[in-house]
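K.L.:
This is a predicted model, with the sequence first.
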Protein chains: 2
Amino acid sequence: MKIEEGSWVRLERGGKIYEGTLLPGATDHLVIKLSNGYNIGLKKDRVKILESREVEKAENAQQYEYHRDSSLPNLVILSTGGTIACRVDYRTGAVTSQFTASEILQAIPELEKIANFDAEVVYNILSENMQVSYWIELARRVYEKIKDGAEGIIITHGTDTLGFTAAALAFMVRTPVPIVLVGSQRSADRPSSDNVMNALAAAKVATSDIAEVVCVMHGSTSDDLCLIHRGVKVRKMHTSRRDAFRSINVNPIGKVSYPDLKIEIEESHTKRGEVALALYDGLEERVALVKFYPGADPEILDFYRERGYRGVVIEGTGLGHTSSTWFDAIGHLIDAGVIVVMTSQCLYGRVCDRVYDTGRDLLKLGVIEGEDMLPEVALIKLMWLLNREKDPDKIKDMMKTNIVGEITDSTDVIGGF
Amino acid sequence: MKIEEGSWVRLERGGKIYEGTLLPGATDHLVIKLSNGYNIGLKKDRVKILESREVEKAENAQQYEYHRDSSLPNLVILSTGGTIACRVDYRTGAVTSQFTASEILQAIPELEKIANFDAEVVYNILSENMQVSYWIELARRVYEKIKDGAEGIIITHGTDTLGFTAAALAFMVRTPVPIVLVGSQRSADRPSSDNVMNALAAAKVATSDIAEVVCVMHGSTSDDLCLIHRGVKVRKMHTSRRDAFRSINVNPIGKVSYPDLKIEIEESHTKRGEVALALYDGLEERVALVKFYPGADPEILDFYRERGYRGVVIEGTGLGHTSSTWFDAIGHLIDAGVIVVMTSQCLYGRVCDRVYDTGRDLLKLGVIEGEDMLPEVALIKLMWLLNREKDPDKIKDMMKTNIVGEITDSTDVIGGF
């Protein structure tokens, strides 16, 4: 049975009955707004629809007219799914099947004062299903939109892997305009939703002078500010809090106050137009991230070597260590031509393998220090370098050289830690 | 050539000449205090000793007399190595070959006002070389010392894996007295060393009413307080800062002000004598911790299944997710009788797999939610449960049930995040 979004439905899954309004959801899901106000997502192929009927749509859903204002900048919204995307249009009660500019503006009319928008659905996935090949396709899409005149890009994204995608885009696209990733930790139907505020702040940043890949999300537990995080230095550090995203080993570039949407810049950044648009698309998939812990079997490294992996990023302890029981397997990886990069599971701080003999032994084996890069960012950087460069020495050099802000000079004083 | 500790030496390694005083070091290392004040650790088998001579020892090294005071509690110090242990006796200029109570008191005479001490070297390793079997042996030693009348235990430990060892001890020893792990991030010869302050605060906590496994370390960048972290909720979150250790998903139990060493309790804890001494030694080593990331090959799970692993802890994204490309391999693990526990790479917050379909699919496969446990703590808890329990259903139940403070009821408001 095909039912239209916005319809009232009654359905059954696993013996349980659900009733509510069908919201636009992921392609393989039905998202139902239950009468208690909560949304539930159910896989289409497991659901039996018992009953449905069309309901009268909210009046403004039909009447909304979107006026472009030639004095405002032109932004492009690319949606990839996640909590922010599938419910962005809920606030007004309007339910839509696609994600067009006018539908977004219906949901968040305040956006219209900031810019003109074009919108496009690139993916409609939960971000834990993000894949390396999707990053490449998304980078190409971003590149095309900027080439076609977008003065700023907003990417709506699930929060689970938003930081990974930000890093991937940062390495693949050199941008003369802002590329802003934004998500939400709570859906729009919850009173505590960060949806609207994050979207408005992201739009504001997309019109700003910050020509980098950044992530804009709540910066506190109040609705008073969003932080602007550099895409290669940001990490989701809490499962559920709205201020889950943190800049690691740097201060945020700045903040956006709310509701006045004033941007306050606190750190230096690449300026609009400073860098020419360029696409360096491509990532080597045979790169692994391996976490070390006491008792961890070094054979896991053989596993990757035998499978023809070209790079391994280790999340070591402290300054960047593993047990000496791992040295042989690390040596074998390096002998086989695999690039091995050391990062720290502390997350904060810098790898330094010159202090203790363990570290010096690792350096002697040929392990590359990942400086103050996040393990995830080192993973993506190595994927990117291995796709672009042939010469292993050049790859090793570049791993330790800052390219787009992923390595900083000093991590001594960080407000965030 | 055998040279005595405290001697002046000149030696060569890899073509480079080093001169300085031989400090007591790790069994397989020579630790030399160079004339510039820095220490360097060199592997014995790579070093050629060119010259050595005995030097006059600091006067107090010979004269120190340690008086036991029957009005003070009796503590036992167990040393396992790391930065705090190998240089704890440096401050007075005395250089010793063993780690006895009087040598510790020589280095930090203020300790004598807090308690009477017995001391024992259990290991002399860098903590990245800590092994699962060492945890078991250490638990037995702690148990014996308490059984023999110790009113508190201090364990000096390298910081790299201090949190892991704290969790292992917490599961293996039920204690009527404090068990305090302490380390230092900077060695004693550096002006910014946290050595003395951490040791004094640890001793004070070891005489306190907090009968739990705790970690006592610097709580700020100033020398004004140490924090008392619950052993199952603490993590090293910075590679080099003195306040690297953080309580995750709980507030610290309390703090110790410095230099007055006043303990301020802020959270509830198990009281001295409340729990009877008991040893539950033993850990199943075939348990793995696997981090999920976009592009991660699910075959890594097959690797562990084929090797007969009995448990796998996944560091998922967000609320506890993996890509759906991992579902088959997770199902195969569970079908093979492997216990699979989900934790979050966010570190902060709680796993909840009932919100999104991804999570519900994982629950349906039989994945156990790790609640608000750190991935490392879930790993050690699963090692411990698999060694003690036969019934898989009981293991699964206990993974989700708080035993020694590793799971808390609510993580909504945490000062530390």
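P.N.:
Looks like it arrived, so ask away. Numbers count the residues shown, from 1 in each chain, chains lettered A, B, ... in the order given.
K.L.:
from here on, contacts and neighbour counts on C-alpha atoms
P.N.:
OK.
K.L.:
hang on, residue A:114 packs against residue A:205?
P.N.:
No. The pair residue A:114 / residue A:205 is not scored as a contact, 10.0 Å apart, by Cα atoms under 8 Å.
K.L.:
Of these two, give the one with the bigger neighbour count.
P.N.:
residue A:205 (29 against 21; other Cα atoms under 10 Å in any protein chain shown).
K.L.:
Specify the next element, helix or strand, located C-terminal of whichever strand or helix holds residue A:255.
P.N.:
Assigned by DSSP states H and E, residue A:255 belongs to strand A:254-257. The first helix or strand that comes after strand A:254-257 along the chain, using DSSP H and E, is strand A:263-265.
K.L.:
what residues does that following strand touch?
P.N.:
A:204-205, A:253-257 (Cα atoms under 8 Å, 6 or more residues apart in numbering or on different chains).
K.L.:
who wins for neighbours among these?
P.N.:
residue A:205 (29 neighbours).
K.L.:
Identify the residues contacting that one.
P.N.:
Contacts for residue A:205 (Cα under 8 Å, 6+ apart) come out as A:178, A:180, A:216, A:256, A:263.
K.L.:
The first one: what's it in contact with?
P.N.:
Pointing back at residue A:178 there. Counting by Cα under 8 Å, 6+ apart, residue A:178 makes contact with A:151-153, A:205-214, A:272.
K.L.:
The same query, at a cut-off of 6 Å, please.
P.N.:
A:152, A:206, A:210-212 (Cα atoms under 6 Å, 6 or more residues apart in numbering or on different chains).
K.L.:
for the stretch 1-150 of chain A, what spans make up the helices?
P.N.:
Using DSSP state H, counting those that start in this stretch, the helices found in the stretch 1-150 of chain A span residues A:59-63, A:83-86, A:101-107, A:132-147.
K.L.:
Show me which residues of chain A are close to chain B?
P.N.:
Applying Cα under 6 Å from any Cα of the partner chain, we find that chain A lies next to chain B at A:128-129, A:131-132, A:160, A:236-239, A:294-295, A:317-319, A:322-323, A:346, A:348-349.
K.L.:
Mind checking which of the residues you listed land in helices?
P.N.:
Applying DSSP state H to the residues of chain A next to chain B, the entries found in helices are residue A:132.
K.L.:
out of the residues of chain A next to chain B, which are buried?
P.N.:
Neighbour counting with 16 or more other Cα atoms under 10 Å in any protein chain shown marks A:128-129, A:131-132, A:160, A:236-239, A:294-295, A:317-319, A:322-323, A:346, A:348-349 as buried within the residues of chain A next to chain B.
K.L.:
If you drop the residues flanking it in sequence, what lies closest to residue A:161?
P.N.:
Spatial nearest neighbour of residue A:161, chain neighbours left out: residue A:127 (5.6 Å); criterion: Cα to Cα, 6 or more residues apart in numbering or on different chains.
K.L.:
Could you report the neighbour count for that neighbour?
P.N.:
26.
K.L.:
so what's it up against?
P.N.:
A:158, A:160-161.
K.L.:
And the helix or strand harbouring residue A:380, what's buried?
P.N.:
Using DSSP H and E, residue A:380 falls within helix A:375-388. By neighbour count on 16+ other Cα under 10 Å, the buried set for helix A:375-388 is A:375-386.
K.L.:
so which of these would you say is closest to residue B:144?
P.N.:
Nearest to residue B:144, judged by Cα to Cα, of the buried residues of helix A:375-388 is residue A:375 at 40.6 Å.
K.L.:
show me the contacts for that closest one.
P.N.:
By Cα under 6 Å, 6+ apart, the contact set of residue A:375 is residue A:343.
K.L.:
Just to be sure, residue A:372 is in a strand?
P.N.:
No. Counting by DSSP: H, G, I helix; E, B strand; the rest coil, residue A:372 is not part of a strand but coil.
K.L.:
ok, it touching residue A:350?
P.N.:
Yes. With contact defined as Cα atoms under 6 Å, residue A:372 counts as touching residue A:350 (4.2 Å).
K.L.:
okay, the contacts of residue A:178 in TSV with neighbour count, distance to residue A:362 and secondary structure next?
P.N.:
As requested, those are exported to TSV (neighbours: other Cα atoms under 10 Å in any protein chain shown; distance: Cα to Cα, whole Å; DSSP: H, G, I helix; E, B strand; the rest coil):
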residue	neighbour count	distance to residue A:362	secondary structure
A:152	31	43	strand
A:206	31	43	helix
A:210	28	39	strand
A:211	25	38	coil
A:212	28	34	coil
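K.L.:
could those go into TSV alongside pLDDT?
P.N.:
Shown next, in TSV, are the contacts of residue A:178 (pLDDT from 0 to 100):
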residue	pLDDT
A:152	98
A:206	98
A:210	98
A:211	98
A:212	98
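K.L.:
closest to chain B among the residues you listed?
P.N.:
Chain B has its nearest neighbour among the contacts of residue A:178 in residue A:212, at 22.5 Å by Cα to the nearest Cα.
K.L.:
Now the closest one. Nearest residue, chain neighbours left out?
P.N.:
Closest residue in space to residue A:212, ignoring its immediate chain neighbours: residue A:178 at 5.3 Å, by Cα to Cα, 6+ apart.
K.L.:
Next up, phi/psi of that neighbour, please.
P.N.:
For residue A:178, the backbone dihedrals are phi -70, psi 140 (criterion: degrees, to the nearest 10).
K.L.:
separation between it and residue A:272?
P.N.:
Distance of residue A:178 to residue A:272, computed by Cα to Cα, to the nearest Å: 7 Å.
K.L.:
Check the contact lists of these two and give me the overlap.
P.N.:
Shared contacts of residue A:178 and residue A:272, defined by Cα under 6 Å, 6+ apart, are found at residue A:211.
K.L.:
buried set for the strand ranked longest in chain A?
P.N.:
As assigned by DSSP state E, the longest strand anywhere in chain A is strand A:16-23. Buried positions in strand A:16-23, judged by neighbour count with 16+ other Cα under 10 Å: A:18-23.
K.L.:
Give me the contacts around it.
P.N.:
A:5-11, A:31-35.
K.L.:
Pull up the pairing partners for it, direction included.
P.N.:
Next to strand A:16-23 in the sheet, as set by DSSP bridges, lie strand A:8-13 (antiparallel), strand A:29-34 (antiparallel).
K.L.:
hey, which of the ones you listed is tucked in deepest?
P.N.:
strand A:29-34 (a mean of 21; mean count of other Cα atoms under 10 Å in any protein chain shown).
K.L.:
can I see the domain layout of chain A?
P.N.:
Per the TED database, the structural domains of chain A span A:7-54, A:74-279, A:287-400.
K.L.:
what's the span of the last one, first residue to last?
P.N.:
Here the two ends of domain A:287-400 are set 17 Å apart, with distance taken as Cα to Cα.
K.L.:
State the mean pLDDT of that domain.
P.N.:
Averaged across domain A:287-400, pLDDT comes to 97.
K.L.:
Redo the domains of chain A as a markdown table? Include distance to residue B:110.
P.N.:
Listed next are the domains of chain A as a markdown table, based on distance: least, Cα to Cα, whole Å:
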| stretch | distance to residue B:110 |
| --- | --- |
| domain A:7-54 | 60 |
| domain A:74-279 | 36 |
| domain A:287-400 | 29 |
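K.L.:
and residue B:197, which of those domains is closest to it?
P.N.:
The nearest among the domains of chain A, by Cα to Cα, is domain A:287-400 at 20.8 Å.
K.L.:
Look up how far chain B lies from the nearest residue to residue A:256 once chain neighbours are set aside.
P.N.:
Leaving aside its sequence neighbours, residue A:256 sits nearest to residue A:263 (Cα to Cα, 6+ apart; 4.5 Å). Residue A:263 sits at a distance of 24 Å from chain B (criterion: Cα to the nearest Cα, to the nearest Å).
K.L.:
cool, and residue A:120?
P.N.:
For residue A:120 relative to chain B (Cα to the nearest Cα), the value is 23 Å.
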